[in-house]
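**Q** Sequence below, structure please.
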Amino acid sequence: MDFTPLIAQAVNSLWYLLPLVVVATVIKSSWFKGLFGEFTVNLLLSLRLDKTEYHLIKNVTLPTEDGTTQIDHILVSRYGLFVVETKNMKGWIFGSEKQKQWTQQIYKSKNRFQNPLHQNYKHVKTLESCLNIPLGNIHSLIVFVGSGTFKTEMPDNVTYAGGSIRYIRSKTEQLFEPHEVESLITAIEGGRLVPGYKTNRAHVAHVTELQNKKNHSKTCSRCGSSMLERKGKKAGNKFWGCSAFPKCRNTEEIA
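**A** Numbers count the residues shown, from 1 in each chain. The predicted structure follows:
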């Protein structure tokens, strides 16, 4: 029996499924989740806040001494600058204000990520330096969207999407005069790098370089190769492992 027609029919059917597979893959990617999270917060801030009082500037990439820093949203108002970092995450979220890393737990799987307050602190300090304004006039705000649930007590400036509006509106002390607000908007718009693919690609390359430097900051005592931070499959403990594995199997505890 000739199965060629059946095989050809099956292949043709798979071509129709290919776009669906591509779309599903993109939707599940961290890039799309981040983009969707930023879009959600942009929409929320645009619809729920008075545009005459709060000026929203999105996706701002600023030059720094060591490269660039990228800010999701900046709100400029008489009540200060609001620097908003967005996280689109699911599962249980554990963390405290001073911890370097927080934990995301999905069923039995645990993943660590940088404390977003520390991440946003660099954004705040960059704006303080670029705009020459007091640090107290800049409010750091972390907004979680998605199905994530806080399992530890969070500071007031770490909140879900709806809570972000309450936090912003809670700041009622006037810190800038109207003409100062206009000057700040002009300075941010004039100092930012041109938004687009080229700027985003350069920023991602900078972040990757910093991460690589962090991961390659230790040298193997046996062969001289760089050591990488690894995680045990069974116990889940972190340790230094030689990058020359399997030729060199040296491991060291992380102090």
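
**Q** which other helices and strands contact the strand or helix carrying I168?
**A** Using DSSP states H and E, I168 falls within helix 161-170. Where contact means 3 or more Cβ pairs under 8 Å, 6 or more residues apart in numbering; DSSP states H and E, helix 161-170 is packed against helix 30-48, strand 138-145. Any C-beta I mention is one placed from the backbone N, CA and C, and that applies to glycine too.

**Q** can you map out the helices along the stretch 1-150 of the chain?
**A** For the stretch 1-150 of the chain, applying DSSP state H, counting those that start in this stretch gives helices covering 4-28, 30-48, 116-131.

**Q** ugh, wrong one, the stretch 151-255 of the chain
**A** According to DSSP H, counting those that start in this stretch, the helices that the stretch 151-255 of the chain contains are 161-170, 178-191, 197-215.

**Q** chain center to the first one: distance?
**A** If I follow you right, that is helix 161-170. 20 Å (Cα atoms, centre = their mean, to the nearest Å).

**Q** Check stretch 71-85 too.
**A** Centre-to-centre, stretch 71-85 and its host chain are 16 Å apart (Cα atoms, centre = their mean).

**Q** what about that stretch, start to end distance?
**A** In stretch 71-85, first residue to last residue: 7 Å (Cα to Cα, to the nearest Å).

**Q** What residues of that stretch count as buried?
**A** 71-85 (16 or more other Cβ atoms under 10 Å).

**Q** and A187, how far is that from E177?
**A** Distance from A187 to E177, counting by Cβ to Cβ, to the nearest Å: 15 Å.

**Q** the more surrounded of those two?
**A** The residue with more neighbours, out of A187 and E177, is A187; 16 against 10, by other Cβ atoms under 10 Å.

**Q** what's the burial count for the closest residue to that one other than its chain neighbours?
**A** In space, and not counting its chain neighbours, A187 is closest to L131: 5.7 Å by Cβ to Cβ, 6 or more residues apart in numbering. Counted by other Cβ under 10 Å, the residues lying close to L131 total 17.

**Q** Who are the contact partners of L131?
**A** By Cβ atoms under 8 Å, 6 or more residues apart in numbering, the contact list for L131 reads L81, L184, A187, I188.

**Q** Double-check the last one against V76; I have them as touching.
**A** So the one you mean is I188. Yes. If you go by Cβ atoms under 8 Å, I188 and V76 touch, sitting 7.1 Å apart.

**Q** what touches both of those two?
**A** I57.

**Q** P63 is in contact with L193, correct?
**A** Yes. Taking Cβ under 8 Å as the definition, L193 is a contact partner of P63 at 6.6 Å.

**Q** These two: which has the busier surroundings?
**A** For L193 versus P63, neighbours defined as other Cβ under 10 Å are more numerous around L193 (16 against 13).

**Q** for the stretch 1-150 of the chain, which spans come out with low pLDDT?
**A** Within the stretch 1-150 of the chain, the stretches with pLDDT under 70 are 1-37.

**Q** switch the cut-off to 90
**A** Residues of the stretch 1-150 of the chain meeting the criterion pLDDT under 90: 1-42, 62-69, 108, 146.

**Q** The stretch 151-255 of the chain too?
**A** Within the stretch 151-255 of the chain, the stretches with pLDDT under 90 are 162, 191-255.

**Q** make it 50
**A** Applying pLDDT under 50 to the stretch 151-255 of the chain flags residues 196-200, 202-211, 213-216.

**Q** what's the spacing between stretch 158-172 and its chain's center?
**A** Here stretch 158-172 is found 19 Å from its chain centre; the criterion is Cα atoms, centre = their mean.

**Q** Stretch 123-141 now?
**A** Distance of stretch 123-141 from its chain centroid, counting by Cα atoms, centre = their mean, is 19 Å.

**Q** And for stretch 145-152?
**A** 15 Å.

**Q** Buried residues in it, which are they?
**A** Residues of stretch 145-152 classed as buried by neighbour count (16+ other Cβ under 10 Å): V145, G146, G148.

**Q** residues making contact with that stretch?
**A** So stretch 145-152 is contacted by 33, 37, 40-41, 86-96, 104-105, 144, 158, 160-161 (Cβ under 8 Å, 6+ apart).
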